[in-house]
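Colleague: structural data only, the sequence is not supplied:
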Ligand SMILES: NC(=O)c1ccc[n+]([C@@H]2O[C@H](COP(=O)([O-])OP(=O)(O)OC[C@H]3O[C@@H](n4cnc5c(N)ncnc54)[C@H](O)[C@@H]3O)[C@@H](O)[C@H]2O)c1
């Protein structure tokens, strides 16, 4: 039987790679993002792979968008088996005291409240059938670095939310886990749109045991596994895919 997955932030980067990975693992995929052009590209790639796919424009900061996303998924496919809550934005390279309240709130809204909004809708859809939820945290959910306190707080929050939800909904057969990427080559970190100075990225990669950034597909492998029955005894956990960064002091 075809399983049904939804992926937020699926227009590019890790989300797009995970959408393609989930399709290769037998899922029809609902692609959710604020970026419509990218979302339609992902749908084309999915269909070229022979998968069923649907794009639903979704701003994860809006509760009604997240409810609509899950509603459309149920309407089109009748069930929801797996959800990857991955939409996110880079934080500001600022000391805590230099953040404005609006900057802090923006990062928390997308990176933490966005996950909460999606999980509320997904859990309601999975209560009777069970399912698997994977949330994107970051190595910044496990450790910290100076100059990114809002992002770091949001990603630590995602891990806490993941653990609490795993405990609360285990009896409904819903597993909830988080993936913690290290330095991944996506539009967030490389290319024209990145806000990160490439010198800073190069310095960060120097501290990676494997001495390179990852491809988004390398994170997607973990997501696909966590979403599958192969991870049937795994819940409430967070998995670093970071080339060894967090293993080091
Ligand atoms: N790239 C890295 O090195 C890295 C490391 C750790 C964690 N992450 C996390 O991985 C996730 C994916 O990032 P990526 O690296 O693939 O970057 P990306 O910029 O390629 O993808 C992020 C996607 O999220 C979407 N998005 C942003 N705000 C949204 C909103 N309000 N509603 C819906 N969609 C929204 C964007 O349009 C984009 O398609 C993010 O949560 C990010 O924090 C990335």
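Modeller: Alright, I've got the coordinates. Note that the structure is predicted; figures quoted are calculated from it, not measured.
Colleague: what residue is smack in the middle of this protein?
Modeller: residue 86 (1.8 Å; C-alpha atoms, centre = their mean).
Colleague: pretty sure it contacts residue 138?
Modeller: No: checked against C-beta atoms under 8 Å, the pair residue 86 and residue 138 is beyond contact range at 10.9 Å. C-beta here means a position set from N, CA and C on the backbone, and glycine is covered the same way.
Colleague: ok, now how distant is residue 163 from residue 157?
Modeller: Computed as C-beta to C-beta, to the nearest Å, the residue 163 to residue 157 distance reads 11 Å.
Colleague: if you could redo that for residue 83, that was the one I meant.
Modeller: Using C-beta to C-beta, residue 83 is found at 18 Å from residue 157.
Colleague: and what of residue 41?
Modeller: Counting by C-beta to C-beta - residue 41 and residue 157 are separated by 30 Å.
Colleague: circling back: contact partners for the residue nearest to the centre of the chain?
Modeller: 7, 8, 9, 10, 14, 15, 18, 134, 135, 136, 223 (C-beta atoms under 8 Å, 6 or more residues apart in numbering).
Colleague: downstream of the longest helix along the chain, the next helix or strand is which one?
Modeller: Criterion DSSP state H: the longest helix present in the chain is helix 149-169. Counting by DSSP states H and E, the next helix or strand C-terminal to helix 149-169 is strand 174-181.
Colleague: quick check: mean pLDDT of that next one?
Modeller: Averaging pLDDT along strand 174-181 gives 99.
Colleague: what does the helix or strand harbouring residue 118 contact?
Modeller: Element membership of residue 118, judged by DSSP H and E, is helix 114-126. With C-beta under 8 Å, 6+ apart as the test, helix 114-126 has contacts from 6, 8, 60-63, 65-67, 69-71, 73-74, 79-81, 83, 85, 87-88, 131, 133, 135, 158, 161, 165, 169, 172-174, 176.
Colleague: measure the residue of the chain most remote from its centre to residue 145 for me?
Modeller: Here the chain reaches farthest from its C-alpha mean at residue 97, the gap being 28.0 Å by C-alpha atoms, centre = their mean. Applying C-beta to C-beta, the value for residue 97 to residue 145 is 16 Å.
Colleague: what of residue 48?
Modeller: 39 Å.
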